[in-house]
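Trainee: build me a structure from this.
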Amino acid sequence: MTIDPRTPVLIGTGQVLQRAEGLDDARDPVALMVEAISLAASDAGLSSVPNPDAIRVVSLLSWKYGNPAHFIAKDLGLTPRELGLSAMGGNTPQTLVNTASRQILAGEVDLVILTGGETTRTRARYNKAGLTPDWRTTDIAPVPVSEDLTMNMPEELARKIMMPIQIYPLFETALRAQAGRSVADHQIHISELYARFSAVAATNPNAWSKKQYTAEEIRTVSDSNRMIGFPYPKLMNSNNDVDMSAALILCSAEKATALGVPRDRWIFPQSGSDAHEHAFISHRNHFYDTPAIELAGRRVLELAGLSINDIDLVDLYSCFPSAVQLGAKSLGLDINGQLTRTGGLQFGGGPWNNYVMHAIATVAGELRSGVGSTGLVWANGGYTTKHAFGVYATTPPKNGFAYDYPQDQIDALPRRSLASPADAAGEMTIEGYSVMHDREGNPERSIASCILADGRRAWADTTDVGIGRDMCVNEWVGRTVRADESGTLLA
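Mentor: From the prediction side, this is the model:
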C-alpha cells in the first residue's frame, strides 16, 4: 500500500541498565542517554545517529544539568535546532511521542530523538560516601516541550498530604471497599496482581529485577519488605533505586526511507491522547474511579478505529497497585489479564518520569517480533492525575495519525469542594485512608479522606498508634468518625 510520506514512524529504540557497584565505573545520566540513543540508531539499522530536528529529554531528578539535551548533542556530534526538556510527570514520555507524531505529520519536523535517564542508585552511593558527583551543568536554557500542572493546593501542602506513597493507598482502600473485599482478601488480590508483573519482569532482558516473587512474598511484611504506606509493603511501591535510560527515534516515513531504515523496523503510532483528572485530589469526585482515563482512553481507541478487545499488547502505568486497577477498570480490561510488558515500576524498574519510554520501547520490540500487531500504552503522572495514551501497530494508520485532548469534557465533570478543618469538625465518613509506617514497622501517621454530610471532602489525620494498627486489620472505609477543629482524627 502507498504510505503518506508524512506518516510518523518509530524506527529505533534503545534501553540501558547500569549496575555499577562503585563510583569509579559509574556513568552519569547523560552518558546513559547517549548510549541509549546510539542503541536506538543501531536498532534502526543505521551505522550512526542521524542528525535530528530536535532532541527532547524527559525531566530527570538525578542531576540538574540545566539543559541535558545540550550535552547529549555535544557528545554525539549532533546539531539539532531544538534542545528540549519536558515538565515533570510519568506521562511525559508518551506525551512527547504524541507531540512529535503530530509535528511530523504536519511537516514541522522530520526526525526527533526522545530520551530520558536516571542514575538514582549511583547518586545514593555518592550520598552515602558524602560526595557530590562532578557532573556537567550549563546555563543554556532548554526549550520547554510539555506543559506543567500544579497538583497540590495550599490546604493539602499545609496538611503535608502530597507524597505519592501517602495518596495511592487512599485510592487502594477506596477500591477495596467498593469491591467488598476484606482487608486480608484484598492484600491477596493485589499481591497476586504484582506477582504476575514480577513474572513478566523475570523474562524481560531490560528489566531491573529478574527475581520472580510469589504473591505471598510480595504481601508478607519482612525486614526486606517493610510496610511503607499501608496497604503497601515495599514490593508494592515503585522501585526508583535504579540506573536506567531509554531512547526513541521517530521520523516521517519519507525520512525513514531516505535513511534506508528497513521496512520491518517501522512501528506506526496510530493515535494519541492526553488529559488530566481534576488537578487537586481534594476535588476528585471519587477515589475509586478515574474519568479522565476512561474518556481519553476511549478516544485514543476510537481514533485508531479499534476497541480495547482489538489490542494485543497492553502496558499500564504501575507505580502502585491502585494505579493498575484504576487504569484497567477505566479502560475495560480484565485485571487478571496481561497488563504489563516490562514488569512495571517495581520489578521492571521505576526511573522516575521515564518508565513509559521503556514501556514504549518494549512494546515496539514485541510488535516487531510478531508477539502482536497492536499495542496500547498508558502513561500516568502525579496521583493518577496526568494521562497520556498511545496506540501502536505494525501497519500504518488507515486515516493518518490522530490525536485528541478532551480536557474540556473532563473539566465539566462533578468535583467536590474542600472543607477547612474548623468547618469540618464533628462527624464525617471515611472514604479512603493510608497508614504511614516508620522504618521499625510501627504506624506513624494515619491519613483519612472523609466525606461530610453535605458532600464536601475533609482531611483528618492522627498519630495514634492504636488507630493505625486497627486500620491495618479492619475496614475503616465507610466508618463514621469524628475530627476536632485541627483536623485530628478522634475515631
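Trainee: okay, buried residues for the longest strand along the chain please.
Mentor: The residue-count maximum for a strand in the chain (DSSP state E) belongs to strand 426-437. Using 16 or more other Cβ atoms under 10 Å as the burial criterion, the residues of strand 426-437 that qualify are 428, 430-437. Backbone N, C-alpha and C define where each C-beta goes, glycine included.
Trainee: after the longest helix anywhere in the chain comes which helix or strand?
Mentor: Counting residues, the longest helix found in the chain (DSSP state H) is helix 183-202. Downstream of helix 183-202, the first helix or strand assigned by DSSP states H and E is helix 215-219.
Trainee: CA atoms only for that following helix - export them in CSV, please.
Mentor: Backbone C-alpha positions of helix 215-219 (Å, rounded to 0.1, in the frame of the first residue of the first chain) are rendered in CSV as follows:
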residue,chain,number,x,y,z
ALA,A,215,2.2,-13.4,45.8
GLU,A,216,2.9,-14.4,49.4
GLU,A,217,6.4,-12.9,49.3
ILE,A,218,5.0,-9.7,47.9
ARG,A,219,2.3,-9.2,50.6
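Trainee: surely N204 meets G344?
Mentor: No. Between N204 and G344 there is no contact, the gap being 10.1 Å when judged by Cβ atoms under 8 Å.
Trainee: so between these two, which is more surrounded?
Mentor: G344 (32 against 21; other Cβ atoms under 10 Å).
Trainee: what is the mean pLDDT for the longest strand of the chain?
Mentor: For strand 426-437, mean pLDDT is 98.
Trainee: can you check stretch 110-130 too?
Mentor: 97.
Trainee: and if you look at stretch 367-384?
Mentor: Average pLDDT, stretch 367-384: 97.
Trainee: off-centre distance for it?
Mentor: Distance, stretch centre to chain centre, for stretch 367-384: 12 Å (Cα atoms, centre = their mean, to the nearest Å).
Trainee: endpoints of that stretch, how far apart?
Mentor: Using Cα to Cα, to the nearest Å, one end of stretch 367-384 lies 27 Å from the other.
Trainee: circling back: the following helix or strand past the longest strand of the chain: which residues count as buried?
Mentor: Downstream of strand 426-437, the first helix or strand assigned by DSSP H and E is strand 443-451. By neighbour count on 16+ other Cβ under 10 Å, the buried set for strand 443-451 is 443, 445-451.
Trainee: mind giving me the packing neighbours of strand 443-451?
Mentor: helix 164-179, strand 426-437, strand 457-462, helix 465-471, strand 480-483 (3 or more Cβ pairs under 8 Å, 6 or more residues apart in numbering; DSSP states H and E).
Trainee: can I get the ones you listed in JSON lines with distance to P8?
Mentor: What follows is those, written out as JSON lines (distance: least, Cβ to Cβ, whole Å):
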{"stretch": "helix 164-179", "distance to P8": "32"}
{"stretch": "strand 426-437", "distance to P8": "40"}
{"stretch": "strand 457-462", "distance to P8": "42"}
{"stretch": "helix 465-471", "distance to P8": "49"}
{"stretch": "strand 480-483", "distance to P8": "52"}
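Trainee: to W378, which of the ones you listed lies closest?
Mentor: helix 164-179 (15.5 Å; Cβ to Cβ).
Trainee: how distant is the closest one from the center of its chain?
Mentor: On Cα atoms, centre = their mean, the centre of helix 164-179 falls 17 Å from that of its chain.
Trainee: circling back to that earlier point, what's the closest of the buried residues of strand 443-451 to R6?
Mentor: S449 (47.4 Å).
Trainee: show me the contacts for that closest one.
Mentor: When contacts are counted by Cβ atoms under 8 Å, 6 or more residues apart in numbering, S449 touches 170, 281, 287, 430-433, 457-459.
Trainee: and the residues you listed, which two are furthest apart?
Mentor: I281 and I430 (15.1 Å).
Trainee: make sure R56 is indeed in a strand.
Mentor: Yes. With DSSP: H, G, I helix; E, B strand; the rest coil as the criterion, R56 is assigned to a strand.
Trainee: so it touches L111, yeah?
Mentor: No. If you go by Cβ under 8 Å, R56 and L111 don't touch, sitting 11.7 Å apart.
Trainee: more neighbours, those two?
Mentor: More crowded of R56 and L111, by other Cβ under 10 Å: R56, with 28 against 22.
Trainee: show me what contacts the closest residue to M471 other than its chain neighbours?
Mentor: Spatial nearest neighbour of M471, chain neighbours left out: V435 (5.1 Å); criterion: Cβ to Cβ, 6 or more residues apart in numbering. Taking Cβ under 8 Å, 6+ apart, we find V435 in contact with 169, 229-230, 443, 445-447, 468, 471-472.
Trainee: cool, V371 as well?
Mentor: The contact partners of V371, by Cβ under 8 Å, 6+ apart, come to 312-313.
Trainee: closest to N240 out of the helices and strands packed on strand 443-451?
Mentor: Nearest to N240, of the helices and strands packed on strand 443-451 and by Cβ to Cβ, is helix 164-179 at 10.4 Å.
Trainee: so for the closest one, mean pLDDT?
Mentor: The pLDDT scores in helix 164-179 average 98.
Trainee: again with stretch 3-22
Mentor: 96.
Trainee: so how far does it reach from one end to the other?
Mentor: Criterion Cα to Cα; first-to-last residue distance in stretch 3-22 is 50 Å.
Trainee: go on, stretch 108-122?
Mentor: Length of stretch 108-122, first residue to last, Cα to Cα: 38 Å.
Trainee: return the distance of L39 relative to G348.
Mentor: According to Cβ to Cβ, to the nearest Å, L39 stands 17 Å off from G348.
Trainee: tell me which of these two has more neighbours.
Mentor: Remark: of L39 and G348, G348 carries more neighbours, 29 against 20, as counted by other Cβ under 10 Å.
Trainee: burial of the residue nearest to the more buried one when sequence neighbours are not counted, as a residue count?
Mentor: Excluding the flanking residues, the one nearest G348 by Cβ to Cβ, 6+ apart is T342, at 3.6 Å. For T342, the count of nearby residues is 26 (other Cβ under 10 Å).
Trainee: which element is T342 on?
Mentor: Applying DSSP H and E, one finds T342 in no helix or strand.
Trainee: I figured it hits A359, correct?
Mentor: Yes. Look at T342 against A359 with Cβ under 8 Å: they come within range, at 5.4 Å.
Trainee: could I get the contacts of V435 as JSON lines with distance to G90?
Mentor: Conversion of the contacts of V435 to JSON lines gives the following (distance: Cβ to Cβ, whole Å):
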{"residue": "P169", "distance to G90": "18"}
{"residue": "G229", "distance to G90": "18"}
{"residue": "F230", "distance to G90": "23"}
{"residue": "P443", "distance to G90": "29"}
{"residue": "R445", "distance to G90": "25"}
{"residue": "S446", "distance to G90": "27"}
{"residue": "I447", "distance to G90": "22"}
{"residue": "G468", "distance to G90": "29"}
{"residue": "M471", "distance to G90": "28"}
{"residue": "C472", "distance to G90": "28"}
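Trainee: now do the SS call for S245.
Mentor: strand.
Trainee: give the contact list for it.
Mentor: With Cβ under 8 Å, 6+ apart, S245 has these contacts: 14-16, 29, 32-33, 35-36, 115-118, 351, 354.
Trainee: do you know how far it is from P233?
Mentor: According to Cβ to Cβ, S245 and P233 sit 28 Å apart.
Trainee: partner residues bridging the residue lying farthest from the centre of the chain?
Mentor: Most distant residue from the mean C-alpha position of the chain: G426, 37.5 Å away (Cα atoms, centre = their mean). G426 has these beta-bridge partners by DSSP bridges: A483.
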